[in-house]
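Q: When you get a sec, could you give me coordinates for this:
(4 chains)
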Number of protein chains: 2
Amino acid sequence: MQKFEHKAKKFHVNADPIRYGQTGVAVTPLLFRKLSVFAQITQEHIAQLSAIEYGHGTLPAGADLIRAGQQYGSIMLLNKGWAIRCLVRGNGRRQVANFILPGDFMCLNAIVLDHSDYDITAITPISYSQFRIEDVIKLIERQPILCAAILWCTSREEAILLEHLVSLGRRSAFERVAHLLIELWNRLKILGLTDGGSFEMPLTQELIGDCVGLTSVHVNRMMRAMEAKGLIVCKYKPIQRCQITNLPGLEEIAGFEDGYLHFRQMPQRSRRALRELDRAE
Amino acid sequence: MQKFEHKAKKFHVNADPIRYGQTGVAVTPLLFRKLSVFAQITQEHIAQLSAIEYGHGTLPAGADLIRAGQQYGSIMLLNKGWAIRCLVRGNGRRQVANFILPGDFMCLNAIVLDHSDYDITAITPISYSQFRIEDVIKLIERQPILCAAILWCTSREEAILLEHLVSLGRRSAFERVAHLLIELWNRLKILGLTDGGSFEMPLTQELIGDCVGLTSVHVNRMMRAMEAKGLIVCKYKPIQRCQITNLPGLEEIAGFEDGYLHFRQMPQRSRRALRELDRAE
DNA sequence: GACTTACACTAATCTCGGTTAGACTCACCC
DNA sequence: GGGTGAGTCTAACCGAGATTAGTGTAAGTC
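A: Residues are numbered from 1 along each chain as shown, chains lettered A, B, ... in the order given. Here you go, the predicted structure:
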């Protein structure tokens, strides 16, 4: 880390209205798909969530959904497109905390926190659903499983954050970039948005750099190096698609272990406890 | 970040049984003190939590409470002493995610996650309370306010993690160390564990380095520099006490803003929604 | 077709912070 | 009182990655 005088650019709007994520597909299938990785979520549960959706919106690439310091409005669910959660320091240095993919909630901690610590910015055109905080509270009260599912989302997000922390603190530039690519691939895979080793990736190298704490220049060097080693193919500019040609090799170098993504069932004991609550109704 | 070949040391036990944190004080006051920052928690609420405590334990400095990859056992609450939550990479490089202070929960996400991603290691002798996961689930079901309080703890922890991410990605070595010191001071202050600008800090420089992604050598350089500028006094070795002599100056340099610590009341709307749930019983 | 914008990519230089190695201090212990 | 160990501190060296300042290219716009 050195000076980083470049100011975070605010509005590099992508004029063309390409839809990232599965085109024309509503939220619920993606969320359902994600949540079923972890618990016996039924379409019925998702329907209950859909029932309290009070609106939805779209935003062009580059627009902010919420700014740091701002009071939380509603809880949102990203349906299409990609967004970033990022923190901007006083001097303009920007840190992308993570990438928000379709099926991810946004501002979930509005339930207990007053204001946001971060900006959420669309990096492609996005569409999202909105939920009133009160409605969500009431729903998760009635539906323990849904409550657990939401808790799972936040816990998983924290785990991903933790892994980014390790990247920034204890991984080399090469490892960081590699690790990010593998993570994105994994997260998209459970959504069914990958095609073999290949996936749509609407990121600029600067954005990647802002996420892994490097300059775009250095991200570029690392990606050139990966291609040279035959690990990836990713030469479109601006990057739109990335293909991992040698996943095991990449995982090896990055020291990637997928445990932190928690692609597992909820622990037994919690399942039992929750079932009891369900019966109690 | 470069090579970092030093293996994470496992057992640098502190032989002397000094009690960090308020000596001889049980959990509940500290937790109560922390939670009341955020909601109208009553002693009654805390009593309900105490009621489901099923055991407590102590551990010498250097001992692990849980290891990465291990299945979660119970949820715990740190009563006395300090601990760290840290991730160790295959090659032995260690990243301290955060410091766990008295009044902090540990393994809270055992509710939804199966296994831990991190080690929790005592860095002083510690004592803690244990709760069965099922009991906690049942309790928060009966007590929406307590549920919100716990959610607040995890959300706040995530916010702290986010701030660490910014440190690692976008702050200079000097800023990182300064930021950490101010954060610790703030967190201890709401627990009533500070004395003016001064507080007990049972950390080695290596531990600080493992948290902010630096070597102990460089942490030392930075702390020397801070003393030279008259910002802190922290000369005991091993560090036992740190005094911030010029807080505004330090905050200025570190770019510290306390918003992320969320020393605020829960948002209005959530308070209202939760009150309604309470009446419903 | 000229102008503009956004991004990828390259090369040269510089610096922050890692590495290595060892001295110093204090506490404990046989 | 000498030995051991844990931690602090200093100095010399060096390299990963930032910085700066470009060139190249594709696509949109007037």
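Q: What are the buried residues along the helix or strand containing A:Glu44?
A: A:Glu44 belongs to helix A:43-51 when elements are defined using DSSP states H and E. By 16 or more other C-beta atoms under 10 Å in any protein chain shown, the buried positions in helix A:43-51 come out as A:His45, A:Ile46, A:Leu49, A:Ser50. All C-beta atoms are positioned from the backbone trio N, CA, C, and that covers glycine.
Q: same thing with stretch A:191-203?
A: Quick answer for stretch A:191-203 (16+ other C-beta under 10 Å): A:Leu191, A:Leu193, A:Thr194, A:Gly197, A:Ser198, A:Phe199, A:Glu200, A:Met201, A:Pro202, A:Leu203.
Q: Equivalent analysis for stretch A:229-248, please.
A: Buried residues in stretch A:229-248, counted by 16+ other C-beta under 10 Å: A:Leu231, A:Ile232, A:Cys234, A:Ile239, A:Cys242, A:Gln243, A:Ile244, A:Thr245, A:Leu247.
Q: what do you get for stretch A:28-45?
A: A:28-39, A:41, A:45.
Q: Break down chain A into its strands, ranges please.
A: A:53-59, A:64-66, A:75-80, A:83-88, A:94-100, A:105-106, A:119-122, A:126-131, A:194-195, A:198-200, A:232-233, A:241-244 (DSSP state E).
Q: Quick one: closest of these to B:Ile75.
A: Across the strands of chain A, B:Ile75 has its closest neighbour in strand A:105-106 (23.5 Å, C-beta to C-beta).
Q: hmm, that closest one in reach of chain B?
A: No - Strand A:105-106 stays clear of chain B (C-beta under 8 Å from any C-beta of the partner chain), getting no nearer than 12.8 Å.
Q: can you tell me which two in the buried residues of stretch A:191-203 are farthest apart?
A: Greatest spatial distance among those (C-beta to C-beta): A:Gly197 and A:Pro202, at 17.6 Å.
Q: quick one on the thing from earlier: put together a markdown table for the buried residues of stretch A:191-203, with distance to DNA strand D and pLDDT on each row.
A: Listed next are these as a markdown table, based on distance: C-beta to the nearest atom of the strand, whole Å; pLDDT from 0 to 100:
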| residue | distance to DNA strand D | pLDDT |
| --- | --- | --- |
| A:Leu191 | 27 | 92 |
| A:Leu193 | 23 | 91 |
| A:Thr194 | 24 | 91 |
| A:Gly197 | 24 | 89 |
| A:Ser198 | 19 | 89 |
| A:Phe199 | 20 | 90 |
| A:Glu200 | 16 | 88 |
| A:Met201 | 17 | 90 |
| A:Pro202 | 14 | 90 |
| A:Leu203 | 16 | 90 |
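Q: Which one of those is nearest to DNA strand C?
A: Set against DNA strand C, the nearest of the buried residues of stretch A:191-203 by C-beta to the nearest atom of the strand is A:Leu203 (7.0 Å).
Q: how near is the closest one to A:Trp82?
A: Distance of A:Leu203 to A:Trp82, computed by C-beta to C-beta, to the nearest Å: 8 Å.
Q: Export the buried residues of helix A:43-51 as JSON lines, with columns for pLDDT and distance to DNA strand C.
A: As requested, the buried residues of helix A:43-51 are exported to JSON lines (pLDDT from 0 to 100; distance: C-beta to the nearest atom of the strand, whole Å):
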{"residue": "A:His45", "pLDDT": "88", "distance to DNA strand C": "38"}
{"residue": "A:Ile46", "pLDDT": "89", "distance to DNA strand C": "34"}
{"residue": "A:Leu49", "pLDDT": "91", "distance to DNA strand C": "34"}
{"residue": "A:Ser50", "pLDDT": "91", "distance to DNA strand C": "34"}
